[in-house]
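Peer 1: fold the following and give me the result.
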Amino acid sequence: MKISHGNLRFLAFVLYLFQILRHNQLMIEIVPLPLQRRKARASLSNAAGRFDMARAAVDDGWGSLEDSGDAAVPIKIETDIRMEQARTLISYNKSPDLPFDRSINTYRGCEHGCIYCFARPSHAYLGLSPGLDFETRLIARPNAAEVLRRELSQPRYKVAPMAIGTNTDPYQPCERDLGLTRACLEVLRDFSHPVAIVTKGTLVERDIDVLAALATRGLVRVGVSVTTLDPDLSRRMEPRAPSPARRLATIRRLSDAGIPVRIMTSPIVPGLTDHELEALLAAGAEAGADAASWIMLRLPREVSELWQEWLAEHVPLRAEKVMARLREMHGGRDYDPRWGLRMRGEGPYAEVIANRFKAACKRLGLIQKSPVLRCDLFTKPAQVGDQLALF
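Peer 2: Below you'll find the model as predicted:
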């Protein structure tokens with residue numbers, strides 16, 4: 001095959017860009033931002049993602065940067081929400097670690113800013129940083145409900161429980177104004193489709209009317225994540241999430257409305273929150289939760305470095321112990337992604353946590369495996385132009 005000089009020049013240029021990208025990814029220097037410029041943000045840095053070139057702040061002559069001593073940093077860190085027209089919404093998985101095979105996410109990124117969030121690396125696929133970008137540069141899908149309705153209406157669609165909140169929180173602050181999660185819930189209600197929700201957001205209370213209607217037919221369960229009962233620690237780890245006490249109040253309100261709810265003591269942080277396990281479960285049971293679950297802290301890809309930066313600033317005297325415990329459960333690594341091990345680790349410490357959890361649930365009457373949601377009620381509502389049934 002004959003290759004023209006133009007094609008050769010193009011290939012050489014692509015190779016040159018690849019070498020630059022590879023070099024920059026290896027040479028990225030993470031410069032922590034000053035604390036006063038990170039108010040209510042968990043990440044200390046905003047390093048380029050693994051698919052992005054290294055970035056540097058540039059002074060545009062309009063006072064957009066200021067000298068912090070070691071590096072020039074942005075004056076403000078505000079939340080930016082951009083709109084994305086989704087072409088598809090339902091994501092499918094075959095993970096043996098998950099109790100569901102499909103999920104929907106109305107937002108990319110999460111303003112709650114939990115420093116330990118395992119979803120942070122997904123922002124790198126967008127050319128954004130898993131650090132501060134994940135907390136401050138969000139993407140919303142305004143046509144989510146429309147796309148969901150279309151996908152559920154496909155002739156080949158087969159019903160199974162839908163998970164919401166598996167990557168980023170469906171009830172983060174921007175949902176108050178955009179209402180994308182509620183719109184999707186209304187579609188699922190119209191189709192009598194089973195749904196499981198995971199959240200830290202108290203805004204879920206706004207949708208109690210829809211959730212209660214689903215609950216009366218065995219079509220919904222809600223999981224509320226409470227990581228710690230210490231409000232100071234929570235504010236530092238999860239800077240824009242509701243306080244632990246407020247999340248427990250949400251469990252109570254959902255339970256009082258007849259909506260099945262479980263307390264999720266996730267993630268358990270060894271050497272930092274593990275001593276609270278029994279107290280967390282007791283608080284959840286007192287608030288009305290009927291079930292419970294737990295997951296050990298996970299540090300995939302960029303999360304490990306972000307987490308260790310956070311430890312060094314907020315709990316430096318415990319940092320070594322926390323990481324030692326995690327590595328002990330993952331064969332000396334910060335994280336082991338293998339099926340069956342990534343959620344809880346292995347070894348003596350992991351077994352102790354599992355036994356403590358099991359014993360506490362038994363004592364408190366909390367179930368560990370929730371009842372199966374009903375799938376037999378699924379129906380496709382009539383659309384404009386459909387022929388109506390006679391009976």
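Peer 1: least confident secondary structure element in this structure?
Peer 2: When each helix and strand of the chain is scored by mean pLDDT, DSSP states H and E, strand 72-74 comes last, with a mean of 45.
Peer 1: tell me the helix or strand right after it.
Peer 2: Next along the chain after strand 72-74, taking DSSP states H and E as the criterion, comes strand 80-83.
Peer 1: list the buried ones in that following strand?
Peer 2: By neighbour count on 16 or more other C-beta atoms under 10 Å, the buried set for strand 80-83 is Ile81. Using the backbone N, CA and C atoms, a C-beta is placed for each residue, glycine as well.
Peer 1: and for stretch 158-168?
Peer 2: Val159, Pro161, Met162, Ala163, Ile164, Gly165, Thr166, Asn167, Thr168.
Peer 1: and the contacts of it?
Peer 2: For stretch 158-168, the surrounding residues in contact (C-beta atoms under 8 Å, 6 or more residues apart in numbering) are 90, 98, 100-110, 117, 119, 122, 170-171, 181, 184-185, 188, 193-199, 372-373, 375, 378.
Peer 1: what's the PyMOL line that selects buried ones from those?
Peer 2: Applying 16+ other C-beta under 10 Å to the contacts of stretch 158-168, the buried members can be selected in PyMOL as follows:
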select buried, resi 100+103+104+105+106+107+108+109+110+117+119+122+170+171+181+184+185+188+193+194+195+196+197+198+199+373+378
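Peer 1: show me the contacts of stretch 158-168 that map onto strands.
Peer 2: Among the contacts of stretch 158-168, the ones falling in strands (DSSP state E) are Arg102, Ser103, Ile104, Tyr107, Arg108, Val195, Ala196, Ile197, Val198, Thr199.
Peer 1: the second one contacts Ala119, correct?
Peer 2: No. Contact criterion C-beta atoms under 8 Å: Ser103 and Ala119 do not qualify, at 11.7 Å.
Peer 1: which strand or helix spans Ser234?
Peer 2: Here Ser234 sits within helix 231-237, counting by DSSP H and E.
Peer 1: quick one on the thing from earlier: from the ones in strands among the contacts of stretch 158-168, which is closest to Gly127?
Peer 2: Of all those, Arg108 has the smallest distance to Gly127: 11.8 Å, by C-beta to C-beta.
Peer 1: any idea how far that closest one is from Glu84?
Peer 2: Using C-beta to C-beta, to the nearest Å, Arg108 is found at 7 Å from Glu84.
Peer 1: what residues do these two have in common as contacts?
Peer 2: Applying C-beta under 8 Å, 6+ apart, one finds that Arg108 and Glu84 are jointly contacted by Ile139.
Peer 1: against which helices or strands is the longest strand along the chain packed?
Peer 2: Taking DSSP E as the criterion, the chain has its longest strand at strand 261-268. The contact analysis (3 or more C-beta pairs under 8 Å, 6 or more residues apart in numbering; DSSP states H and E) places strand 261-268 against strand 220-225, helix 244-256, helix 277-287, strand 291-296.
Peer 1: ok, 6 Å please
Peer 2: Counting contacts by 3 or more C-beta pairs under 6 Å, 6 or more residues apart in numbering; DSSP states H and E, strand 261-268 is packed against strand 220-225, helix 244-256, strand 291-296.
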